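>>> A predicted structure for the sequence below; I have some questions about it.
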Amino acid sequence: MQKNLKKPPSVRIADADPECLFLSGLEYNPPARGMWNIVQMGMLIPGAHQIYGCAQGCLRGVILTAAEMNALERLSWISLTEEDMFNGTLEESLIDGTAEIVDRLEQHPPVVLLFLSCMHLFAGCDFDAVIAALSERFPDITFVDCYMTPTMRETLPPVVQTCRQMYLPLQPLPKNPKAVGIIGNDRPTDESSELVQIIRGAGFTLRDLTLCKTYEEYLQLAECSLNITYLPTASGAAELLTERFDTPSLYLPNSFDYDEITAHYQTLCDALGIPCPDFSADIAAADAALDALKQTLGNMPAAIDYTFVSRPFSLAVLLLKHGINVKYLIADTVGEESAAFGWLQQNFPALMILAPANVNMLHHHTDAAEPLLAFGQKAAYYFASDHFVNLILNGGYYGFSGIRAIAALAADACRTPKDRRALLRHKGFGCASCLL
Amino acid sequence: MKHTAKIIPCYAADTAGACSALYELGGLTVVHDASGCNSTYATFDEPRWWDKQSMTYISALTELDAILGNDEKLIADTAAAAADQNPRFIAVCGSPMPMMIGVDFDAVAAEIGQRTGIRTVALHTNGMHSYPEGASEALRAAAELFVQPAAQKRPNGVNLLGATPLDFGNLQTVPHIRAWLQEAGFSVVSCFAMGDTPETLAQAAEASVSLVLSECGFAAAEYLYERFGIPYVCGVPYGAAFSAQLAASLRQSAETGAHAYPCALRGTAGKKITVIGEAVSAGSIAAQLSLTGFAANVICPLPHHEEMLGAADSDVFAEDEIESALADMQPDAVIADPFYRFILPNGTRHIELPHYAFSGRCFDKIIPDLTAARFDAWAADL
C-alpha cells in the first residue's frame, strides 16, 4: 500500500539516508503531550513571571499550558494586532503592555521573561530598546529577552534558545571550587546515578536549576567552577556561562554505549581531580537488568520514539545487542547518532523508521497489528500499546544506573498495562496538571 | 491597539475555529504555520482529536520559506498529501506569519485546486482574531461547497448552524439539541458541522428555517438565506421556558420568512445576573433567566452581530475592561467560565460554566449539558 504514497511515513533503515530520513511535508500532531515547551521551562526559575507578546493563536497555547499547570498567575500576555505590525508602535506596545502588567502584579517578581514572537523578528522589533526601557523603569526586576519563534526553528529552535536565556539573570559570583553545575535539564538527574554519586561522593556541591527552590538558590548557579550538560538542547546555555563567567563545561551526552559512558566518567573525574571509580559492578547490574527484561519480554517487538531518550538509535543498539526485538524507531533525524545509525543499518537492516509527524501516520494507531512494548509516548500512541514506558528525554536517568532503571521500568510496563489516554494527554511529563 | 491580560486566558483563535468547523467533513485542512497552531489546536481546542481522526495539518513553515516567499512548497506539499489521502475538499488557512509576508491564499487555493482536481477553498484567518471569525467563514464555505438546490422544502425542517465543540464542549449537547427539535415537532435537515456528512449538509436547502447556535453559524445562515431564502433564528434551547420560546420563533420564522433573535431577550426585574461568553449561548442563558424572573444581561468578549445582544449587554473584551464593566454592573451573580474568577468583584457569586473555547481541557469533565429542561435543574439554586 505504502509504495504508492507520495510521502511514505516509514522506511527500512537499510534504505534510509541519515542526512534526510524523510521528505518534508505537511505535518500531523499526534496526541502525546509529554514533551515540555518553553512555558514549562520558564517556570523552573523560582519566582519568575512570564509575559508573552504575540498573536492570539500563539498565546492560546502558552496560556493554557500554564493554566493546566495551575500556574496562570505566573503568566501574562500582550496580544498583537495587525495594526501593531504596521503603525510603528511595536516596541511601544511591548513596553507599555509589560509595564501595565507589572504594575498590576501584587508584588514585583525578581525576573520577567519577556517572550516575543516570529512576527516581531520579521518586523524588525528593537528588542534591546524594549528591554532597556523596561529595566530603567523597573530597576528591581531583571528583564530577559526570550523568543517564541518557531518559524526560526531551523536556525535556533525556541527550546534551545529558551534554555540559554534562562541562565541570563545570573550575575558573577566568586568561583566555588567545590561546586559543580548540571545545566539545561528540565528535571533533576537521578540521585542514584553514577554521575551524581561521583560529584556528591567527592564532596562537591551539585547545583541544578531543577533543584532550586528559591531565587537566591538559583543565583548560586553562577558560583560553579564546572558545568555539565548532557542534553543536546543545553549547548547554548553552557556556552553562555562559559562566555559570561569563564566557567568550563563538559558535554557528557546521555549515552547507552558502555565504553562511552565510562569515558564520560573518566573525563568528569579528571576535571574534578579525583580518581575514577571502577564500574564493573554497575555494568554487570545494567546487563542483568537488560537480561531480565529480555526474559520478561521474550520475543515481543519493541518500538522506541525520539521523545523517550535523547539518543534513541543508541538505545536501540543496546537493546538489540541484548536480544530485545526492537522493530521500530520513530524519529525524523539522526542528529549526533550517526555511529549508532550505521551499526543498525549494518546489523539490523529490516528495522523500520517511522516519521513522527508525517500526515500518513494519521491512522497508524488503528492498524497496530501486534502486541508491542513501547518506549515513549509517541510509540505508545502510534502502536496503540498500553504496555509502554512513560518517560520523556531520559526522565532524569543517566549512565549505567539509568540503563538499569529503564530496563526495570520496561519490564514492569511489559507486565502491567497503563492508562494510555490519561497519561498521554498530560501536558509536560512530570509537571503539575489540573487534568489529573 | 494594546490588549493585555494579567491573568485570564484568551479565547481560541480564528485558525482553531476554522479547523473545528471543518473537522468532521472529510476535508484536508492546512494551516500555513510553523508549528504552534496545530499543536495548540490539537491539544487545547479539539476534544475530538483522540477519538476521531481528521486530516488537519500544518504546513511546517520555515524561516527560509517565509523569507523567500516559497508558496510553491505549501502548494506542492498540500497536493502530495491530497494525493495520499484523497480528501473530499481542501481548505487552506493562514496564521500570523503568512499575514506578515502577504501570502495570497486565494491564489494558493486556486493553484492547489487546479493541480489536484479537488475543490479547494481559502480561509482568511491570521491567528489574530477569535474563533468565531474563522469558524464562521469555514461553515459558510462548507455551505457553498456542499448545499444543493432543493426540489422541495420540508415544512418543519431545520438546519443547525454553528455547532462546534468550542461552544458545545459537552459532546452530548448537540445530539440533545437534535432530540429537542424532534420532540418539538421539527426535523433536523443538517447540522453544520457536528455529526453530519457532506451528503447530509447537501440537503440543507430543503430546510424551512435555520437555527443559529452560535456566532460561528451566522455567515452560513446568511448564505442559506441569500441563496435559498431560508430565514434564521438565533438561540440555543437552554431552559424549558426559553426553549419553548425558541420553538415558537422557529415556527414563526419558517412561516413569515423573517429572521429572529430570541437570544437577545432581556428582563430588568429581579436578582441581577451577568453571563459572560459567546453571544448566542450566553444570550440564550440570559434570555432563559429573564423569562424566569431574573434581571440578566451579557458580557460578550467575542465577535458577534449586534442583533444578538440586548441593550444592557456589553461587548468589552479586554481583561481590565471586563473587570470595570462588572464593577459598574454590580451583579448578584456571574455565570462564567471558572477562569473568570480572577477578575470578579469581591463577594460576587460565581456560577462556573466552563467554556471550551476559553479554558480548553481544564474543566472538560464538568462542562454541563444545559439543553432544554436540563438548564433548569442546573440553575435550580439561583
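Right, received. Where do you want to start?
>>> Tell me who's in contact with the closest residue to residue B:126 other than its chain neighbours.
Leaving out its chain neighbours, the residue that sits closest to residue B:126 by Cβ to Cβ, 6 or more residues apart in numbering or on different chains is residue B:99, at 3.8 Å. To be clear about C-beta, it is placed using only N, CA and C from the backbone, and glycine gets the same treatment. Contacts for residue B:99 (Cβ atoms under 8 Å, 6 or more residues apart in numbering or on different chains) come out as A:82, B:126-128.
>>> Just the buried residues from those residues, in ChimeraX please.
Buried subset of those, written as a ChimeraX selection, criterion 16 or more other Cβ atoms under 10 Å in any protein chain shown:
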select /B:126,127,128
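>>> what two of the contacts of residue B:99 have the greatest distance between them?
Comparing all pairs in the contacts of residue B:99 by Cβ to Cβ, the longest separation belongs to A:82 and B:127, at 10.7 Å.
>>> wait, isn't residue A:250 in contact with residue A:270?
No - here residue A:250 lies out of contact with residue A:270, judged by Cβ atoms under 8 Å, at a distance of 9.6 Å.
>>> Where does residue 140 fall, secondary structure wise?
Just so you know, I chose chain A. Assigned by DSSP states H and E, residue A:140 falls within no helix or strand.
>>> think we crossed wires, I meant chain B
Element membership for residue B:140 (DSSP H and E) is helix B:131-146.
>>> And residue A:179, by the same measure?
Counting by DSSP H and E, the secondary-structure element that holds residue A:179 is strand A:176-182.
>>> Quick check: buried residues in that strand?
The neighbour-count check on strand A:176-182 (16+ other Cβ under 10 Å) flags A:179-182 as buried.
>>> Distance from it to the middle of the chain?
With Cα atoms, centre = their mean, to the nearest Å as the basis, strand A:176-182 stands 23 Å off its chain's centre.
>>> Stretch A:300-310 too?
For stretch A:300-310, the separation from the chain centroid amounts to 15 Å (computed by Cα atoms, centre = their mean).
>>> What average pLDDT does that stretch get?
The pLDDT scores in stretch A:300-310 average 98.
>>> Show me what counts as buried in that stretch.
Using 16+ other Cβ under 10 Å as the test for burial, stretch A:300-310 gives A:301-310.
>>> same deal with stretch A:331-351?
Residues A:331-332, A:334, A:337, A:340-341, A:343-345, A:348, A:351 are the ones in stretch A:331-351 that count as buried (16+ other Cβ under 10 Å).
>>> What about the residues you listed, which are in helices?
A:340-341, A:343-345 (DSSP state H).
>>> As a markdown table, those with pLDDT and distance to residue A:139 would be great.
Conversion of those to a markdown table gives the following (pLDDT from 0 to 100; distance: Cβ to Cβ, whole Å):
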| residue | pLDDT | distance to residue A:139 |
| --- | --- | --- |
| A:340 | 98 | 51 |
| A:341 | 98 | 52 |
| A:343 | 98 | 56 |
| A:344 | 98 | 56 |
| A:345 | 98 | 58 |
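>>> tell me which helix or strand of chain A sits lowest on mean pLDDT?
helix A:82-86 (a mean of 83; mean pLDDT, DSSP states H and E).
>>> Okay, now the unreliable bits of the chain?
Let's take chain A. Screening chain A residue by residue with the criterion pLDDT under 70, one finds the ranges A:1-3, A:368.
>>> please go with chain B instead
Along chain B, the model assigns pLDDT under 70 to residues B:1-2, B:37.
>>> Find the centremost residue of it, please.
Taking Cα atoms, centre = their mean as the criterion, residue B:216 is the residue nearest the geometric centre of chain B, at 3.5 Å.
>>> can you confirm it is in a helix?
Yes - with DSSP: H, G, I helix; E, B strand; the rest coil as the criterion, residue B:216 is part of a helix.
>>> Relative to chain A, how far out is it?
Relative to chain A, residue B:216 is positioned 16 Å away (criterion: Cβ to the nearest Cβ, to the nearest Å).
>>> Closest approach to chain B from the stretch 151-300 of chain A, which residue is it?
Ranked by Cβ to the nearest Cβ, the top residue of the stretch 151-300 of chain A for proximity to chain B is residue A:151, at 4.2 Å.
>>> Which residue does the stretch 201-350 of chain A have closest to chain B?
When you check the stretch 201-350 of chain A against chain B by Cβ to the nearest Cβ, the closest residue turns out to be residue A:332, at 10.9 Å.
>>> would you turn the buried residues of stretch A:300-310 into JSON lines with distance to chain B and secondary structure?
Compiled in JSON lines, the buried residues of stretch A:300-310 are given as follows (distance: Cβ to the nearest Cβ, whole Å; DSSP: H, G, I helix; E, B strand; the rest coil):
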{"residue": "A:301", "distance to chain B": "24", "secondary structure": "coil"}
{"residue": "A:302", "distance to chain B": "24", "secondary structure": "strand"}
{"residue": "A:303", "distance to chain B": "19", "secondary structure": "strand"}
{"residue": "A:304", "distance to chain B": "22", "secondary structure": "strand"}
{"residue": "A:305", "distance to chain B": "16", "secondary structure": "strand"}
{"residue": "A:306", "distance to chain B": "16", "secondary structure": "coil"}
{"residue": "A:307", "distance to chain B": "13", "secondary structure": "coil"}
{"residue": "A:308", "distance to chain B": "19", "secondary structure": "coil"}
{"residue": "A:309", "distance to chain B": "21", "secondary structure": "coil"}
{"residue": "A:310", "distance to chain B": "20", "secondary structure": "coil"}
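>>> Which of those residues sits closest to residue B:382?
Using Cβ to Cβ, the shortest approach to residue B:382 within the buried residues of stretch A:300-310 belongs to residue A:307, at 47.3 Å.
>>> That closest one: what's it in contact with?
For residue A:307, the set of contacting residues under the criterion of Cβ under 8 Å, 6+ apart consists of A:32, A:34-35, A:376-378, A:392-393.
>>> May I see the residues you listed organised as CSV, with neighbour count, distance to chain B and secondary structure added?
Formatted as CSV, the entries for these read as follows, by neighbours: other Cβ atoms under 10 Å in any protein chain shown; distance: Cβ to the nearest Cβ, whole Å; DSSP: H, G, I helix; E, B strand; the rest coil:
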residue, neighbour count, distance to chain B, secondary structure
A:32, 23, 10, coil
A:34, 24, 12, coil
A:35, 18, 10, coil
A:376, 26, 17, coil
A:377, 28, 13, helix
A:378, 28, 13, helix
A:392, 21, 15, coil
A:393, 23, 17, helix
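>>> Most widely separated two among those residues?
Of all pairs drawn from the contacts of residue A:307, the one with the longest distance (Cβ to Cβ) is A:32 and A:393, at 13.3 Å.
>>> coming back round to it: name the residues that touch the strand holding residue A:179?
Outside strand A:176-182, the residues within contact range by Cβ under 8 Å, 6+ apart are A:189, A:195, A:199, A:203-208, A:220-221, A:223-230, A:241, A:247, A:272.
>>> helix or strand right after that strand?
Of the helices and strands lying after strand A:176-182 in sequence (DSSP H and E), the nearest is helix A:194-201.
>>> Check which helices and strands that next one is in contact with.
Here helix A:194-201 is seen to pack against strand A:205-208, helix A:258-272, helix A:399-415 when contacts are counted using 3 or more Cβ pairs under 8 Å, 6 or more residues apart in numbering or on different chains; DSSP states H and E.
>>> From residue A:55, how far out is the residue in the stretch 101-250 of chain B that chain A sits nearest to?
The stretch 101-250 of chain B approaches chain A most closely through residue B:127 (3.0 Å), counting by Cβ to the nearest Cβ. Going from residue B:127 to residue A:55 by Cβ to Cβ, to the nearest Å gives 5 Å.
>>> which residues are common contacts for these two?
With Cβ under 8 Å, 6+ apart as the test, residue B:127 and residue A:55 both reach B:13, B:95-96.
>>> could these go into TSV alongside distance to chain A?
Shown next, in TSV, are the shared contacts of residue B:127 and residue A:55 (distance: Cβ to the nearest Cβ, whole Å):
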residue	distance to chain A
B:13	3
B:95	6
B:96	4
